[in-house]
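Trainee: have a look at this prediction, sequence included:
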Amino acid sequence: MYARHPGRKPKQPPAKLEARVLNHTLKRKPTYGSTHWSSYKLAAALGDVSVSMVQRIWRKHNIRPQRLERHMVSNDPDFEAKAADVIGLYLNPPAHAAVFCVDEKTAIQALDRKDRMLPLSPGRAESHGFEYKRNGTLSLFAALNTATGEVLGKTAARHTSEQFVAFLADIVASQPARRAIHVICDNVSSHKTKRVEDFLAAHSNVQMHFTPTYSSWLNQVENWFSRIQRDVITRGIFTSTKDLGRKLMRYIREHNSNPKPIKWKYDDPSRRIRPVPNHDAVD
């Protein structure tokens, strides 16, 4: 079937108009308080450019003003050395040693809903009541074995250096005697107390490796924390902290029934991890 008046290809914007739209998008802000451009706002501001033309130019140059991403820049002067140390443990771990990524997920709330849940059904998403009841908080200590993907977990009412040292003792107890253990963790103060120093002095087979400041993304256990947050915590209903702890540990047991290690690789080897002077964005 043929149309009597076939359409024509979209008109390609001339280079000067394209440059004008890009310059306005990238170097100016709306003058009436809005934080970012929409295609309608920009077309109205320019006056002689259609909305569809703005959209085609943005699409061509992969410009999406409506999107916002967040980043954090490490100010650690030894960033590159520390990052290389941690990544080296992932890619080329010492022979006959165990490498654990350790961290705490603090203040997990045991939230119970006041109204009954409406279950998932065709055409309707699962719905939780807006009001909730707080039943206290728990902290979850977790150690991810980078070789096997297994997770050693423990819940605690408080997040203290004493609890951290007790968890380190659990990690040591989970391994054969005298096996070298490398622990990757962040720079929170409870990881660097006198209690921790005394524990390390008494256990010469345990070595701590600290990620650079503001670089917890280098710790693989953060990846696992995002999973338990998504699978258990965000939509969970917990009648008490005991109920919360039981469901967290059940998830860990289920995870350990079929663990898989995280495989790290560079998507683009030309992009190196390095600090940038003056606190600018990093690669």
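Mentor: Structure's in. What do you need?
Trainee: list the contacts for A83?
Mentor: T211, P212, S215, L218, I273 (CB atoms under 8 Å, 6 or more residues apart in numbering). In this view, the C-beta of every residue, glycine as well, is placed from N, C-alpha and C.
Trainee: helix or strand for it, just tell me which one.
Mentor: Of the helices and strands defined by DSSP states H and E, A83 is found in helix 79-91.
Trainee: buried residues in that helix?
Mentor: F79, K82, A83, D85, V86, L89, Y90 (16 or more other CB atoms under 10 Å).
Trainee: do stretch 204-213 as well
Mentor: For stretch 204-213, a neighbour-count test (16+ other CB under 10 Å) marks V206, Q207, M208, H209, F210, T211, P212, T213 as buried.
Trainee: try stretch 97-105
Mentor: A98, V99, F100, C101, V102, D103, E104, K105.
Trainee: what secondary structure does the fifth one sit in?
Mentor: The reference is to V102. Using DSSP: H, G, I helix; E, B strand; the rest coil, the structure places V102 in strand.
Trainee: got the confidence number for it?
Mentor: With respect to pLDDT, V102 scores 96.
Trainee: what do you get for L168?
Mentor: So, for L168, pLDDT stands at 95.
Trainee: what's the spacing between the closest residue to it other than its chain neighbours and I181?
Mentor: Closest residue to L168 apart from its sequence neighbours, by CB to CB, 6 or more residues apart in numbering: F199 at 5.9 Å. As for F199, its distance to I181 is 12 Å (criterion: CB to CB, to the nearest Å).
Trainee: shared neighbours, these two?
Mentor: Common neighbours of F199 and I181 (CB under 8 Å, 6+ apart) are V206.
Trainee: any idea how many residues pack against E18?
Mentor: 16 (other CB atoms under 10 Å).
Trainee: now N23
Mentor: By other CB under 10 Å, the residues close to N23 number 10.
Trainee: show me the contacts for it.
Mentor: Going by CB under 8 Å, 6+ apart, the list of residues near N23 is empty.
Trainee: A helix includes it, no?
Mentor: Yes. Assignment of N23 by three-state DSSP places it within a helix.
Trainee: quick check: it vs L46, distance?
Mentor: Separation of N23 from L46 (CB to CB) stands at 11 Å.
Trainee: how about L144?
Mentor: Distance check for L144 against L46: by CB to CB, it reads 52 Å.
Trainee: neighbour count for these two, which is higher?
Mentor: More crowded of L144 and L46, by other CB under 10 Å: L144, with 28 against 15.
Trainee: so the more buried one, which of the three states?
Mentor: What three-state DSSP gives for L144 is strand.
Trainee: what about the strands in the stretch 51-200 of the chain?
Mentor: With strands called from DSSP state E, counting those that start in this stretch, the stretch 51-200 of the chain shows them at 97-113, 132-145, 151-156, 180-185.
Trainee: run through the neighbouring helices and strands of the longest one.
Mentor: Think strand 97-113. strand 132-145, helix 161-173, strand 180-185, helix 221-228, helix 241-256 (3 or more CB pairs under 8 Å, 6 or more residues apart in numbering; DSSP states H and E).
Trainee: try it again with 6 Å
Mentor: Where contact means 3 or more CB pairs under 6 Å, 6 or more residues apart in numbering; DSSP states H and E, strand 97-113 is packed against strand 132-145, strand 180-185, helix 221-228.
Trainee: so can I have TSV of these showing distance to R253 and mean pLDDT?
Mentor: Formatted as TSV, the helices and strands packed on strand 97-113 follow (distance: least, CB to CB, whole Å; pLDDT from 0 to 100):
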stretch	distance to R253	mean pLDDT
strand 132-145	13	94
strand 180-185	22	96
helix 221-228	12	94
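Trainee: winner for burial among the ones you listed?
Mentor: strand 180-185 (a mean of 21; mean count of other CB atoms under 10 Å).
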